[in-house]
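[1] Generate coordinates for the sequence data below:
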Amino acid sequence: MPIPHGMRRVNRVALNKITRQVAPWLPGLGVLIHRGRRSDKQYRTPINVFPRPDGRYILALTYGADTDWVKNVIAADGCELHTRGTHVELTAPRLIHDETRREIGVFARTILGLLHVYDFLELSAVPHA
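    Residues are numbered from 1 along each chain as shown. Have a look, this model is predicted:
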């Protein structure tokens with residue numbers, strides 16, 4: 001597991017409140033908007049995001065694939081993303097295990113490698129008419 005489970009609570013209670021404010025504007029970050037599977041409550045989760053030229057978005061699963069937000073996105077077959085000042089609707093989530101982290105840039109690849117992050121969620125942007 002990349003980041004210990006104990007850090008989840010610390011991030012949820014403190015760090016995420018701050019990160020949610022700046023993540024929609026900073027490179028490599030975004031805020032994922034998704035609904036709870038059982039509660040139907042809307043959640044806003046700051047994430048590491050890597051847009052690809054072909055319209056795909058790669059999300060780093062820094063806590064692994066067994067998190068509520070990942071399960072919510074997969075169950076709903078998509079979510080919304082605010083990144084770099086834009087709003088994107090995403091669909092077709094697919095879990096990826098990639099120890100080479102080849103889909104992301106060298107700097108992020110190195111940092112995520114040090115954190116032992118090998119799991120990602122790939123989604124595609126919904127084309128607008």
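[2] buried set for stretch 36-48?
    Neighbour-count burial for stretch 36-48 flags T45, P46, I47, N48 (criterion: 16 or more other C-beta atoms under 10 Å). (C-beta placed from N, C-alpha, C; glycine too.)
[3] tell me which element the third one falls in.
    Spelled out, that is I47. According to DSSP states H and E, I47 maps onto strand 42-51.
[4] Next: I74.
    Element membership for I74, per DSSP H and E: helix 68-76.
[5] between the helix or strand that that helix is followed by and helix 68-76, how big is the angle?
    Per DSSP H and E, the first helix or strand lying C-terminal to helix 68-76 is strand 78-83. Between strand 78-83 and helix 68-76, the angle comes out at 130 degrees (axes from the mean of the first three to the mean of the last three C-alpha atoms, to 10 degrees).
[6] Sheet-wise, list the partners of the next helix or strand after strand 78-83 with their directions.
    Proceeding N to C from strand 78-83, the next assigned helix or strand is strand 86-97, under DSSP H and E. Paired strands of strand 86-97, with direction, are strand 78-83 (antiparallel), strand 119-125 (antiparallel) (DSSP bridges).
[7] Show residues contacting the last one.
    Pointing back at strand 119-125 there. 2, 55-61, 64-65, 70, 73, 78-79, 81, 88-98, 101, 103 (C-beta atoms under 8 Å, 6 or more residues apart in numbering).
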